[in-house]
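Enquirer: predicted coordinates and the sequence they were generated for:
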Amino acid sequence: MRRSFCTMILLLILTSTRSAFAADYYVCDCDTNSDSDCQPGNDSANGTAPATPWQSYNKARLAFATLAAGDAIHFCRGGALEATQGARWVNAACRAANPCVVDDYTPPWASGDEAMPIVWVRSDQNAFSLEDGGNADHEEGYVFRNLELRCTVCDQTHRWGFFLYNDIDDVLLDHLVIDGFGIGVHLAGSNPCSSDPKCDGQNDRLTLRNSTIVNSHSQGFLGSGNETIIEGNVFENNGTRATFDHNIYYSGAAAHTSGSRILNNELYHSAWEPTGSCTATSLVVHGEHDDLVIEGNRVWEDVGGANQGCWGIAVDPGYQDEAEGFTNVAIRSNTVINVGNLGIGVSSCQNCVIENNVIVQEQDFNFRAIAAPSKARTDSNDLPETNVDVRNNSIYVSGRGGTGIRVGGEGNDHLVVSNAIAYAGTGTWNCFALDLATTDYQAVDNNVCWFPNASNGEWVNGIGTNPNPLSAWQAASGFGSASQEADPGYANPAGPTFDLSSINGHVAMVDHGHPTLSAPLAFDGPARDSYPDVGAYEWGAENPKPDGGVDGDGSISFDGGTSDGQASDSGLISDGSVEGDAQSTNGDGGPTSGAERDTGCGCRSQKDMGGAWLLGLLGLLLLIRRRTVGRRGSILEP
């Protein structure tokens, strides 16, 4: 028994502390914008200690190909180097559970004010290409974090910050600044598989988090893959072409995808033109995707800073002669402010939910806050839209006029309940556009809409105003007996506050939502009570964040400290910005896979703490063993 116990402990140590023996390599150069104290390394050095670093990007790139799983390359904080002589970073030995890491370290000459390492691109290449050549071989398990990438020669069609291609899985891009590239991050497709039995031609489980992607000439993010996570990032001023360029373009580049999450990002100035206007949808999804969640994002522009094509969020077909469709999509708890003539739209969407969103429009043009469909299908093979639920959204419009919520066009079993809408303008207005037969709607009720100064305002488009707009709709449809034509009671809906929560517990929204069909949770996650409210918020629940949980200026700090060879745990803090001065951790911060990944609940995964947990367990087991044997009167007896 004693021998088997010791054998078990030894096996635990050998199999669970591999990361303790991982190799670390160091690189430091002093290119443009490096710290004034910077001291360059030498490619002839051994590169195995902070005091003896290599110097060049290419030395690091070539070394990356030889790393064992769990090994790491660290660039010096306060340093800067140029990407030259190729951009491919490929290693078949890395593993999802034991990734190869590229990040930062604090050099011996540091005085404490060093910024993240800068990687410059000044020639026709990407900063980092995570791709093998020719037919695809499978690779997995890379981490890139705490780096700033800058390009001075990029344009719309050349040079990406990160390019992922040819079956690369389980990649984490964390706490990066990517500035001035053609595309910030391009998650592309794959060549046909080689004879590698692990290859499936997919690029799965990319996580992009806590990063800032700005000034891209084409797209901030482009591409798609199974279980992609885009979380806690700032996208600003990405794209230069109206209609075609976007802050986030989640496309159908390769194949049908499933299980992706776009969460808690800040998006501003999409396809920003020199005259000072956003000219394209900020967050767009095309292709074929299932189980997609778009949640907690803040998409905004300034008044006067958007043209009509600057839509907020759109999940709809965009390709000619290619079948597209979206199933089991949730668009929830997003904040969309002062965008173009559409806030949130879906087309070719089946079993889709649009709930708990906050939409404010003060631009001076006609506006649709929510539209399903947002546009006609572009191809006869596109998926017909059906079973769309629009519930518990809060909408405030003060511009020229338009429609609060449109659900119709095709399909059946649609649901429109518990939405709050206020129109403060004097133009032509209708709260809803519902152009299908009443039998095609599961329910349309418990909505609150207020439009006291509208010209020819209607509750539902085309139904009329006699004897009053709501009564006209109720008589024509048999729906809406629990709806109210009344002031919803927003606390302070206009900018800069954009607070669409209830001003008190006695307004029309409170306790008047649909008792069984309302969203079970409110904006920011608190559960609704047995008398749910209309709109995104729930009176009396935890304090809501009317701005969607992200600071309006989108500011981010990137000067977090690290200990040698370790990256700072610069996680997403409560206001959605990135905290750069968080304490360092000993974890490798590697990507997780399968069931280990957060699939949209907002939970944080536990970091791999190397062998620390095992040492604690070992100590506990030894203590238990000691006490047990002691009680038997053997080892502890004199």
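Expert: Arrived safely, thanks for sending. Numbering: from 1, shown residues only.

Enquirer: residues contacting Pro40?
Expert: Applying Cβ atoms under 8 Å, 6 or more residues apart in numbering, we find Pro40 in contact with 28-30, 55, 79. The way it works is simple: take the backbone N, C-alpha and C, and place the C-beta from them, glycine included.

Enquirer: how about Glu410, what does it touch?
Expert: 373, 384-386, 436.

Enquirer: one more time with 7 Å, if that's ok
Expert: 384-385 (Cβ atoms under 7 Å, 6 or more residues apart in numbering).

Enquirer: and it, how far from Asp440?
Expert: Between Glu410 and Asp440 the distance is 9 Å, computed by Cβ to Cβ, to the nearest Å.

Enquirer: and for Ile337?
Expert: Spatial separation of Ile337 from Asp440 under the definition Cβ to Cβ is 32 Å.

Enquirer: what about these two, which has more around it?
Expert: Ile337 (27 against 16; other Cβ atoms under 10 Å).

Enquirer: give me the nearest residue to the more buried one, chain neighbours excluded.
Expert: Take Ile337 and drop its neighbours on the chain: the residue closest to it by Cβ to Cβ, 6 or more residues apart in numbering is Trp300, 3.9 Å away.

Enquirer: and the one you found, what does it touch?
Expert: Applying Cβ under 7 Å, 6+ apart to Trp300 gives the contacts 268, 337-338.

Enquirer: Asn334 versus the nearest residue to Val507 once chain neighbours are set aside, what's the distance?
Expert: Leaving aside its chain neighbours, Val507 sits nearest to Gly489 (2.3 Å; criterion: Cβ to Cβ, 6+ apart). Distance, Gly489 to Asn334, using Cβ to Cβ: 22 Å.

Enquirer: now do Leu500
Expert: Here the criterion is Cβ to Cβ. By it, Leu500 lies 13 Å from Asn334.

Enquirer: dump the C-alpha coordinates for stretch 146-155 into PDB.
Expert: Below are the C-alpha coordinates for stretch 146-155, written out as PDB (Å, rounded to 0.1, in the frame of the first residue of the first chain):
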ATOM      1  CA  ASN A 146       1.000  41.500 -24.700                       C
ATOM      2  CA  LEU A 147       2.400  42.800 -28.000                       C
ATOM      3  CA  GLU A 148       1.800  45.900 -30.100                       C
ATOM      4  CA  LEU A 149       1.900  45.500 -33.900                       C
ATOM      5  CA  ARG A 150       2.200  48.600 -36.200                       C
ATOM      6  CA  CYS A 151       2.300  48.800 -39.900                       C
ATOM      7  CA  THR A 152       3.500  51.900 -41.800                       C
ATOM      8  CA  VAL A 153       3.100  50.600 -45.400                       C
ATOM      9  CA  CYS A 154      -0.200  48.600 -45.300                       C
ATOM     10  CA  ASP A 155      -3.200  49.200 -47.600                       C
END
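
Enquirer: flag every buried residue along it.
Expert: Counting neighbours by 16 or more other Cβ atoms under 10 Å, one finds that the buried residues in stretch 146-155 are 146-151, 154.

Enquirer: ditto for stretch 26-40
Expert: 26-31, 34-35, 38-40.

Enquirer: so where's the stretch 201-350 of the chain uncertain?
Expert: Using pLDDT under 70 as the threshold, the predicted model of the stretch 201-350 of the chain has low-confidence ranges 253-254.

Enquirer: Ser277 and Gly304 touch, don't they?
Expert: No: using Cβ atoms under 7 Å, Ser277 makes no contact with Gly304, being 8.0 Å away.

Enquirer: ok, these two, which is more surrounded?
Expert: Ser277 (20 against 11).

Enquirer: list the contacts of Arg122.
Expert: Contact partners of Arg122, counting by Cβ under 7 Å, 6+ apart, are 82, 152-153.

Enquirer: what do you get if the cut-off is 8 Å, keeping everything else the same?
Expert: If you count contacts by Cβ under 8 Å, 6+ apart, then Arg122 has 82, 151-153 around it.

Enquirer: could you dump the contacts of Pro40 to TSV with secondary structure?
Expert: Formatted as TSV, the contacts of Pro40 follow (DSSP: H, G, I helix; E, B strand; the rest coil):
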residue	secondary structure
Cys28	coil
Asp29	coil
Cys30	strand
Gln55	coil
Gly79	coil
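
Enquirer: will you turn the contacts of Trp300 into TSV that also has distance to Asn215 and secondary structure?
Expert: Listed next are the contacts of Trp300 as TSV, based on distance: Cβ to Cβ, whole Å; DSSP: H, G, I helix; E, B strand; the rest coil:
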residue	distance to Asn215	secondary structure
Tyr268	12	strand
Ile337	22	strand
Asn338	21	coil
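
Enquirer: out of these, who's nearest Ser518?
Expert: The shortest approach to Ser518 among the contacts of Trp300 belongs to Ile337, at 23.9 Å (Cβ to Cβ).

Enquirer: what's opposite the closest one in the beta bridge?
Expert: Beta-bridge partners for Ile337, by DSSP bridges, are Trp300, Val360.

Enquirer: pretty sure it sits against Asn297.
Expert: No: with contacts defined as Cβ atoms under 8 Å, Ile337 does not count as touching Asn297, sitting 11.4 Å away.

Enquirer: thinking again about what came up before, of Gly489 and Asn334, which one has the most company?
Expert: Each of Gly489 and Asn334 has its neighbours counted (other Cβ under 10 Å); Asn334 has more, 30 against 23.

Enquirer: surely the more buried one meets Val293?
Expert: No: using Cβ under 8 Å, Asn334 is not in contact with Val293; the gap is 10.7 Å.

Enquirer: what about Asp316, how many residues nearby?
Expert: Applying the criterion other Cβ under 10 Å, we find 26 residues in the vicinity of Asp316.

Enquirer: shift numbering so it begins at 46
Expert: Will do, 46 is the new start, and the previous item becomes Asp361.

Enquirer: is it possible to export the contacts of Trp345 to TSV including distance to Thr151?
Expert: Compiled in TSV, those are given as follows (distance: Cβ to Cβ, whole Å):
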residue	distance to Thr151
Tyr313	32
Ile382	40
Asn383	42
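
Enquirer: relative to Val330, how far out is Asp366?
Expert: Distance of Asp366 to Val330, computed by Cβ to Cβ: 19 Å.
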